[in-house]
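**Q** here is a sequence together with a model predicted from it:
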Number of protein chains: 2
Amino acid sequence: MTISELGEFGLIEAIAAALPRSERTIVGIGDDAAVLTAPDARVVATTDLLVEGRHFRRDWSGPADIGAKAAAQNLADVAAMGAMPVALLVGFAAPGDVAVAWARDLMAGLADECARAGATVVGGDVSGADEIVLAITALGDLGGRDPVTRSGARPGDVLAYAGVLGESAAGLALLEAGLTEPAALIAAHRRPAPRYAAGPEAAALGATAMIDVSDGLLADAGHLARASGVQIDIAAVRLPGHPGLAAAAAALARASTAGRDDPAGDDPVGRDAALDWMLTGGEDHALAATFPPGRELPSYWTVIGQVRAGQGVLVNGNRVTGRAGWKHFSD
Amino acid sequence: MTISELGEFGLIEAIAAALPRSERTIVGIGDDAAVLTAPDARVVATTDLLVEGRHFRRDWSGPADIGAKAAAQNLADVAAMGAMPVALLVGFAAPGDVAVAWARDLMAGLADECARAGATVVGGDVSGADEIVLAITALGDLGGRDPVTRSGARPGDVLAYAGVLGESAAGLALLEAGLTEPAALIAAHRRPAPRYAAGPEAAALGATAMIDVSDGLLADAGHLARASGVQIDIAAVRLPGHPGLAAAAAALARASTAGRDDPAGDDPVGRDAALDWMLTGGEDHALAATFPPGRELPSYWTVIGQVRAGQGVLVNGNRVTGRAGWKHFSD
């Protein structure tokens, strides 16, 4: 059955019936608006759009993975403020010939990722459209702590990250090349697994600034540097080696050379590919945060850089500007 | 200049610079998420999608009107819970060839309607897309009152509405027929003006159930009846006469007959058109609410019906089922 056969109200009922409720939900799906508890007397709110063909592809990811990833990128934004995710609102626009089962699996993926983060889906909207668009809003609770913004980094602080870097970008490169291994990286691209609790924990540890790494470490460190009015120098040697990324780079280099008339030509996946993915790949939704010097951090935080007076982002003391800059720098 | 020339970050900066901030905004646009005060310790949240060609047409409405209307339909959902609107998050997806000025005017319209409701735009997202999609999330504050849901209507209550009914539908019919008068109705279609304060006021007056009239009075009264497990009987004679709607019906009848080979054929804009628009037209975002019997209401509420034991919606004691039912009933 397609969603146009089921109709808007039928689709909403089918979706709502499968969603769990939370004790924080005073009024859930089915009224003009949802009502949630906000015991902290503040609320954290963020929204993201995902458009088919630009943010996901139905031939590369199943509906549950697409839903989980859409949820993850919003829930991670809440965590990056130092808050715990509480609720999601989901706008879903799609052509009428999309199968109801596809939409239901998408919503199940959204709900699964919410459950991983301790949140629930409390409302939404459905509409027809020529292409599939997901509009996700996530709400969160600061639990009495101050929000950790992008603007609090100070000279002397260290830069650290929690989570994984580069896996999603490597998985995307594998999919683009038609490869299926290493499968773990393709899975990481399809369904990132942010460590949501690291956000509130970082706030409690005294993080001075924090950001969800969605545009790539260099770009997002650049956002921190700009908002805080500081310079951030990343020591590439501090980024842990990742055998999976190296294997992916090798597989891509082999595939790239195999199909070439001119194997000596421009090679997009050189030996620096693994480091490039870690520095410029987004979508893993690691957290990057700055902490005061000397602060003892749990082992899931890796210190990779230093905050100084100045501006911009350096790698090993060399200035870079976003992805293009790193590309240039890495030549 | 087009939005693809300006780029995502440039567009966000251009939009953010023009938006006012509120004292309730702790963290505004430019971080991973917004942070707002929620002094009531609860938050009201609702989301809606608007898709070009389905919810608006750029050849029928300018960007400021499209923005204002998109805001209005979400702000009205907050008011219909008995809450005051506080904040809006705006997702904007569009083809790259849309002019930056168009996007800026859209956002100005959103901000204007927010100001009318006492709210501000606190966050959002932009993306490329093949068609324009607006994804709006509104947050609201109950101010210590209980939320007014759809499910509290009880036999003996009266049904009343505040705002206007049928004007937007009449304006749409005029646009569809290529007519330009009555201009006030076309303006009402382009930019409805919900009476947001009536929502919290209704809550304070003891409203037992409330809904934003977005699908049409009959359909939305049906939602109230179903959620509350009651029957609602609307007395058509209680709906005030509306000379503008009658003039629009007459103009459409003339235009329809003028172009006809067979003027005696099926007439879509008969003498009942005005009543039909009031009963089935959505998008004016009037509020419909039920109140206990004998409750004295301010003059901007018009009592138009009676709640009884049973189910469904009646007009003048005759059963109807949605728009189709009323059409049938009105033959």
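**A** Ah, there it is.
**Q** state the number of residues packed around the residue nearest to A:G229 when sequence neighbours are not counted.
**A** The shortest distance from A:G229 to any non-neighbouring residue, by C-beta to C-beta, 6 or more residues apart in numbering or on different chains, is to A:Q311 (7.2 Å). Every residue, glycine included, has its C-beta placed from N, CA and C. If you count neighbours by other C-beta atoms under 10 Å in any protein chain shown, A:Q311 ends up with 14.
**Q** show me the strands in chain A, by range?
**A** Ranges of strands in chain A, per DSSP state E, are A:25-27, A:34-37, A:42-51, A:84-94, A:120-128, A:133-141, A:158-162, A:209-213, A:231-234, A:286-291, A:301-308, A:312-315, A:318-320.
**Q** who does the fourth one pair up with?
**A** Going back to what we said before, that points to strand A:84-94. strand A:120-128 (parallel), strand A:133-141 (antiparallel) (DSSP bridges).
**Q** tell me what angle it forms with strand A:42-51.
**A** 30 degrees (axes from the mean of the first three to the mean of the last three C-alpha atoms, to 10 degrees).
**Q** give the rounded mean pLDDT of strand A:84-94.
**A** For strand A:84-94, mean pLDDT rounds to 97.
**Q** could you export it as PDB, CA atoms only?
**A** Taking Å, rounded to 0.1, in the frame of the first residue of the first chain, the C-alpha atoms of strand A:84-94 are listed here in PDB:
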ATOM      1  CA  MET A  84      20.100  15.500  27.300                       C
ATOM      2  CA  PRO A  85      17.800  14.900  24.300                       C
ATOM      3  CA  VAL A  86      14.100  14.700  25.400                       C
ATOM      4  CA  ALA A  87      11.900  14.800  22.300                       C
ATOM      5  CA  LEU A  88      11.700  14.800  18.600                       C
ATOM      6  CA  LEU A  89       9.200  16.400  16.200                       C
ATOM      7  CA  VAL A  90       9.200  14.900  12.700                       C
ATOM      8  CA  GLY A  91       8.000  16.500   9.500                       C
ATOM      9  CA  PHE A  92       7.800  14.000   6.600                       C
ATOM     10  CA  ALA A  93       7.100  15.000   3.000                       C
ATOM     11  CA  ALA A  94       7.100  12.400   0.300                       C
END
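**Q** starting at the chain centroid, how far to that strand?
**A** 15 Å (C-alpha atoms, centre = their mean, to the nearest Å).
**Q** thinking again about what came up before, now the strands of chain A as JSON lines including distance to A:G67?
**A** What follows is these, written out as JSON lines (distance: least, C-beta to C-beta, whole Å):
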{"stretch": "strand A:25-27", "distance to A:G67": "19"}
{"stretch": "strand A:34-37", "distance to A:G67": "19"}
{"stretch": "strand A:42-51", "distance to A:G67": "10"}
{"stretch": "strand A:84-94", "distance to A:G67": "9"}
{"stretch": "strand A:120-128", "distance to A:G67": "10"}
{"stretch": "strand A:133-141", "distance to A:G67": "8"}
{"stretch": "strand A:158-162", "distance to A:G67": "24"}
{"stretch": "strand A:209-213", "distance to A:G67": "19"}
{"stretch": "strand A:231-234", "distance to A:G67": "33"}
{"stretch": "strand A:286-291", "distance to A:G67": "21"}
{"stretch": "strand A:301-308", "distance to A:G67": "29"}
{"stretch": "strand A:312-315", "distance to A:G67": "33"}
{"stretch": "strand A:318-320", "distance to A:G67": "35"}
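**Q** in a markdown table: these, plus distance to B:A93 and mean neighbour count.
**A** Output for these, formatted as a markdown table (distance: least, C-beta to C-beta, whole Å; neighbours: other C-beta atoms under 10 Å in any protein chain shown):
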| stretch | distance to B:A93 | mean neighbour count |
| --- | --- | --- |
| strand A:25-27 | 28 | 19 |
| strand A:34-37 | 23 | 24 |
| strand A:42-51 | 5 | 26 |
| strand A:84-94 | 9 | 27 |
| strand A:120-128 | 12 | 23 |
| strand A:133-141 | 6 | 30 |
| strand A:158-162 | 30 | 24 |
| strand A:209-213 | 20 | 28 |
| strand A:231-234 | 31 | 23 |
| strand A:286-291 | 26 | 28 |
| strand A:301-308 | 34 | 20 |
| strand A:312-315 | 29 | 22 |
| strand A:318-320 | 30 | 17 |
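**Q** among the ones you listed, single out whichever gets nearest to B:A103.
**A** Taking C-beta to C-beta, strand A:42-51 is the member of these nearest to B:A103, at 13.9 Å.
**Q** output the contacting helices and strands for the closest one.
**A** Secondary-structure packing of strand A:42-51 (3 or more C-beta pairs under 8 Å, 6 or more residues apart in numbering or on different chains; DSSP states H and E): helix A:63-79, strand A:133-141, strand B:34-37, strand B:84-94, strand B:120-128, strand B:133-141.
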